[in-house]
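*Asks:* Fold the following, please.
(one chain, ligands or ions: 3)
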Amino acid sequence: MEQLLESIDPGKVPAHVAIIMDGNGRWAKARGLDRSEGHVEGVNTVRRITEIASEIGVKCLTLYAFSTENWNRPQTEVDALMHLIGIAIERETPDLIKNNVRLTMIGDFGRMPEDARRRLQGCFDATAHCTGLVLNLALSYSGRWDIVEAARRLASEAASGSLSPADIDQVAFAARLSTAHLPAQDPDLLIRTGGDFRVSNFLLWEIAYSEIEVFDKFWPDFSKEDFVRAVAAFQKRERRYGMTSEQVGSSPSRDIQL
Ligand code: IPE
Ligand code: IPE
Ligand code: MG
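*Replies:* Ligands and ions are numbered 1, 2, ... in the order given. Here you go, the predicted model:
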């Protein structure tokens with residue numbers, strides 16, 4: 001691990017890492033366990049990855065924990081997951097404070113069960129003063145849901161006369177997305193575990209130019225080393241934003257305007 005960490009350039013750490021934490025169910029099934037056991041083990045991975053992300057200087061870690069579409073799973077699994085999320089958040093709050101981590105969320109907070117809402121709100125409040133890593137949970141979230149919410153906000157501002165339609169541009173649109181509060185809105189690096197090459201309705205607007213790393217491993221098996229490997233791979237990428245290699249190479253510090 002030490003050698004791996006040394007291979008990281010501290011000046012090029014991705015500011016925002018987003019993760020599609022997939023494979024809990026398959027991890028459990030392979031061991032003859034209930035799917036919910038996979039989710040329990042997945043929480044341990046969340047703790048590990050939060051630690052290492054904070055350690056290497058990532059500013060924001062967005063974790064896809066429950067999608068809008070996940071409400072369609074069997075009710076018993078949904079209930080178990082919601083219960084687990086609430087319990088885990090409450091249990092981890094003292095450590096988050098100790099590590100100066102601030103918890104935030106994106107998604108439909110009002111759709112979460114009352115008990116989970118109360119525990120989440122408790123953790124948002126208790127960590128609001130923390131100035132280190134922002135741990136941002138995507139809960140009852142989907143990219144299309146968020147885009148539609150943003151469109152509705154813009155429409156109501158335009159209807160009330162506080163916004164002119166001519167002023168709606170990419171900056172104005174991004175400012176109405178639920179990710180607008182993050183220290184870096186667009187993920188530099190998107191990681192997916194569980195081996196599937198798809199985005200499953202995650203951060204559709206924000207991943208326009210994210211670098212993507214897919215791991216075959218299931219989320220409960222994802223290690224700190226794997227995370228650092230993903231960051232190391234990210235640092236080797238050339239981000240061209242539609243330009244030529246010569247253009248970005250000649251001006252590495254150029255501010256890219258999307
Ligand atoms: C990811 O693991 C966690 C959630 C979606 C809540 P899954 O539960 O999707 O596990 P697999 O993909 O079925 O193995
Ligand atoms: C993506 O995993 C959502 C989360 C990790 C919360 P899914 O298991 O829901 O995605 P699909 O169904 O494989 O696309
Ligand atoms: Mg899955």
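*Asks:* Mind exporting the C-alpha coordinates of stretch 88-103 to CSV?
*Replies:* Taking Å, rounded to 0.1, in the frame of the first residue of the first chain, the C-alpha atoms of stretch 88-103 are listed here in CSV:
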residue,chain,number,x,y,z
ALA,A,88,-25.2,3.0,9.9
ILE,A,89,-25.4,6.8,9.6
GLU,A,90,-26.2,7.2,13.3
ARG,A,91,-23.5,4.7,14.3
GLU,A,92,-20.8,6.4,12.1
THR,A,93,-21.6,10.0,13.1
PRO,A,94,-19.0,10.3,15.9
ASP,A,95,-16.3,9.0,13.6
LEU,A,96,-17.3,11.3,10.8
ILE,A,97,-17.0,14.3,13.2
LYS,A,98,-13.7,13.0,14.5
ASN,A,99,-12.4,12.8,10.9
ASN,A,100,-13.8,16.2,10.0
VAL,A,101,-16.1,14.7,7.4
ARG,A,102,-19.4,16.5,6.4
LEU,A,103,-22.3,14.4,5.4
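*Asks:* a strand runs through residue 139, doesn't it?
*Replies:* Yes - Residue 139: assigned to a strand according to DSSP: H, G, I helix; E, B strand; the rest coil.
*Asks:* Next to ligand 1, which bits of the stretch 101-250 of the chain? Give me the list.
*Replies:* Contact residues (C-beta under 6 Å from any ligand atom) of the stretch 101-250 of the chain with ligand 1: residue 194. For every residue, glycine as well, the C-beta is placed using N, CA and C.
*Asks:* Could you report the pLDDT at the residue in the stretch 101-250 of the chain positioned nearest to ligand 1?
*Replies:* In the stretch 101-250 of the chain, no residue comes nearer to ligand 1 than residue 194, which is 5.3 Å away by C-beta to the nearest ligand atom. pLDDT recorded at residue 194 is 98.
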